[in-house]
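> Structure for this input, please:
(chains A and B)
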Amino acid sequence: MIEIRDLTKRYRGRAAVDGLSFDVSPGTVTGFLGPNGAGKTTTLRVLLGLADADGGSARLGGHRYRDLHRPLCHVGALLDGGGHPGRTARGHLRGMAAANGIGRQRVEAVLDEVGLASVARRRIGGFSLGMRQRLGIAAALLGDPATLVFDEPVNGLDPDGVRWLRELLRRLAGEGRTVLLSSHLMSEMELTADRLVVIGRGRLVADTSVAELAARFSQGVSVRTPDPDGLSAVVAGAGGEVATGPDGAIFVSGMDAASVAEAAAARGVILHEVATHRSTLEDAYLRLTADSLEYSGGAS
Amino acid sequence: MRQYTSAVAGEWHKLAGLRSTWWALTAIVVVACGLAGLFGALFEGYPQTAEDARAFDPMFPTGLALSNALLAVVAFAVLAMGGERSGRSLQTSLLAVPRRGVLYLAKLTVTMLLVLAVCAVTVPVSFLLSQRTLGDLGVGFDAPGAVEMVAGSTLYLLLMAVFAFGLTGMLRRSALVLALLMPLLFLSSQGLGNIPAIKDVVQWFPDQGGQIILHVVPEDDSRFAKDYGAWTGLAVVAGWAALTCVGGWLVTRRSEG
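Numbers count the residues shown, from 1 in each chain, chains lettered A, B, ... in the order given. Predicted coordinates:
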């Protein structure tokens, strides 16, 4: 169980995370999404005790990370860039294990699990990005923790590796563990996550299930018009909602194509294109964050 | 306490798992023993008259070798403390041991145990080597002050390692600490503390306090004598070590990984 409450973290006066609150429940894979620079990594760094919060709290099962005894046995984390290049894969894991009272057999077990047993004696400096990522996953699994936090885990993995990781994450959640998976790629989340926490500019944009998000955004009408303001008024009058898509088209939800075209004709709004749109979750995510950036951009 | 002992085990694995650790420790042994043997041989025929021979301090070549080995000891301590920051593995260490104070103390413990283990062997061996190559001028452990010299020098090297470790914790950049300490220690070994104009100030520098126990400067010669004796000098070094050690702890406690 992860609880983020009113979390604020500033770097040189600029808020990287700004009053963020959300929960991550056990037994699910929760996707943590946002554009680059949205504050995902900062949130995770505060959660893992690597940085101090300027306000609010980030707790794991009611405790701050720093107060956990043998933290690796409670929380496993994969963050970017760990491991001294001069150390062997096995040596790296043994150091972490020893500091948390974890036995050597466990080190061999996780090396086996991530498929690095054959290169355990090689130095990390010579590892490919994918091998390093696997080593990071091994380190996260080391203490058999109830909570797992992965920051951009698919980076550098080949397609086989991506599928392996997806199955691993699903299995870990199936065992009743809390899994938080951060990414800027919606396509990956679609296949892996049950719930989604979306942030933009350090604020919460959406806290929803993947199914809800799909239902909310998956169908609509994509419209091109020289008179967007006129169209907005027409749609608002007919009870629909508009959003500006990433490609400049206007996306209308809550109405079908025929009723959009008829309502526009009745008010003399010219339309160049009207199309029924079955969007992917990726589109839904882009619209969600595009709106949030516009909103934040106007406010700041 | 259990947290601390586990952290010590972790730090031991981390330091022992790096080749650079063993290279740095080997460098201490090679510099100390090699130079001790060499300096002994160089000074063997040095005293020309009987009076010269009486005035000659047979522990001087040993001390001179150790004051050079000091550079290797300091380099090792700096790398042990600062290597993690430059090696980008600090994050991993903080995930395993999130309490900065515990991590710092564990790292200090392991580093100093290694320094102590190496110096406790290297210093007596250097003494024996230089005394042997001194030939007729050489003395044994039964000579007055010999045991004090060996024990005090070991302690001095250890205290300087603590000083360098703490300073690295304070300044957080190994390269900066090495750039500060290496020239200073090198100049010291060349007699920086004997320049009359600056002696009053320089004698209180962190490394100067060990020069009497090292027999690098004589205690009773007015040209070299300091305002303190051999053991008080070591206390000055200990003071500096305590200062940076606490300073390093204070800085590290607030650091973000």
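> Quick one: the helices in the stretch 51-200 of chain A, in order.
Using DSSP state H, counting those that start in this stretch, the helices of the stretch 51-200 of chain A run over A:89-99, A:104-113, A:129-141, A:159-174, A:186-192.
> quick one: contacts for the residue in the stretch 201-300 of chain A that chain B sits nearest to?
Nearest residue of the stretch 201-300 of chain A to chain B, counting by CB to the nearest CB: A:G202, 17.4 Å away. (Each C-beta comes from the backbone N, C-alpha and C, glycine too.) Contacts for A:G202 (CB atoms under 8 Å, 6 or more residues apart in numbering or on different chains) come out as A:K9, A:A15, A:A16, A:V17, A:D18, A:G19, A:L20, A:A38, A:G39, A:T42.
> same check, this time on A:V107
Per CB under 8 Å, 6+ apart, neighbours of A:V107: A:R90, A:L93, A:R94, A:A97, A:L142.
> ok so, going back, what would the helices of the stretch 51-200 of chain A look like in TSV with mean pLDDT?
What follows is the helices of the stretch 51-200 of chain A, written out as TSV (pLDDT from 0 to 100):
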stretch	mean pLDDT
helix A:89-99	94
helix A:104-113	96
helix A:129-141	94
helix A:159-174	94
helix A:186-192	82
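> so which of the contacts of A:G202 is the most crowded?
The most neighbours of any of those, using other CB atoms under 10 Å in any protein chain shown, belong to A:V17, which has 29 neighbours.
> What residues does chain B have near chain A?
B:2-3, B:6-7, B:9-14, B:17-20, B:83-84, B:87-89, B:91-99, B:106, B:256-257 (CB under 8 Å from any CB of the partner chain).
> hmm, try it at 6 Å
B:6-7, B:9-10, B:13-14, B:17-18, B:87-89, B:91-92, B:94-98, B:256-257 (CB under 6 Å from any CB of the partner chain).
> Can you say which of those are buried?
B:6-7, B:9-10, B:13-14, B:17-18, B:87, B:89, B:91-92, B:94-98, B:257 (16 or more other CB atoms under 10 Å in any protein chain shown).
> just checking, which of those belong to helices?
B:S6, B:A7, B:A9, B:G10, B:H13, B:K14, B:Q91, B:T92, B:L94, B:L95, B:A96 (DSSP state H).
> just the helices in chain B please.
Going by DSSP H, chain B shows helices at B:2-16, B:19-43, B:50-55, B:60-86, B:90-96, B:100-133, B:146-171, B:174-189, B:196-202, B:230-254.
> can you give me the angle the fourth one makes with helix B:174-189?
Yep, that's helix B:60-86 we're talking about. 170 degrees (axes from the mean of the first three to the mean of the last three CA atoms, to 10 degrees).
> Could you do the longest one as well?
An angle of 30 degrees separates the directions of helix B:100-133 and helix B:174-189 when computed by the same axes, to 10 degrees.
> so for helix B:100-133, what's the average pLDDT?
For helix B:100-133, the mean pLDDT works out to 96.
> what helices or strands is it leaning on?
Under the contact criterion of 3 or more CB pairs under 6 Å, 6 or more residues apart in numbering or on different chains; DSSP states H and E, helix B:100-133 touches helix B:2-16, helix B:19-43, helix B:60-86, helix B:146-171, helix B:230-254.
> Give me the buried positions along that helix.
Those buried within helix B:100-133 under the rule 16+ other CB under 10 Å are B:100, B:102-112, B:114-115, B:118-119, B:122-131, B:133.
> Taking helix B:146-171 as reference, get the angle to that helix.
Angle, helix B:100-133 to helix B:146-171, by the same axes, to 10 degrees: 150 degrees.
> again with the last one
Using the same axes, to 10 degrees, the interaxial angle of helix B:230-254 with respect to helix B:146-171 works out to 20 degrees.
> What is helix B:230-254 packed up against?
The helices and strands touching helix B:230-254, judged by 3+ CB pairs under 6 Å, 6+ apart, are helix B:100-133, helix B:146-171.
> What are the buried residues along the shortest one?
Of the residues in helix B:146-171, B:146, B:149-150, B:152-171 count as buried by neighbour count, 16+ other CB under 10 Å.
> and that helix, how far out from the chain's middle?
Its chain's C-alpha centre and that of helix B:146-171 lie 4 Å apart, by CA atoms, centre = their mean, to the nearest Å.
> still on that earlier bit, would you reformat the helices and strands packed on helix B:230-254 as CSV and include distance to A:P26?
Shown next, in CSV, are those (distance: least, CB to CB, whole Å):
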stretch, distance to A:P26
helix B:100-133, 29
helix B:146-171, 39
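> Which among those helices is found nearest to A:V149?
helix B:100-133 (20.2 Å; CB to CB).
> centroid residue for chain A?
With distances taken as CA atoms, centre = their mean, chain A has A:F32 as the residue nearest its mean C-alpha position (2.3 Å).
> who does the closest residue to it other than its chain neighbours bridge with?
Spatial nearest neighbour of A:F32, chain neighbours left out: A:S182 (4.0 Å); criterion: CB to CB, 6 or more residues apart in numbering or on different chains. Applying DSSP bridges to A:S182 gives these bridge partners: A:F32, A:D151.
> Isn't A:S182 up against A:D151?
Yes - here A:S182 reaches A:D151: they are 4.9 Å apart, a contact under CB atoms under 6 Å.
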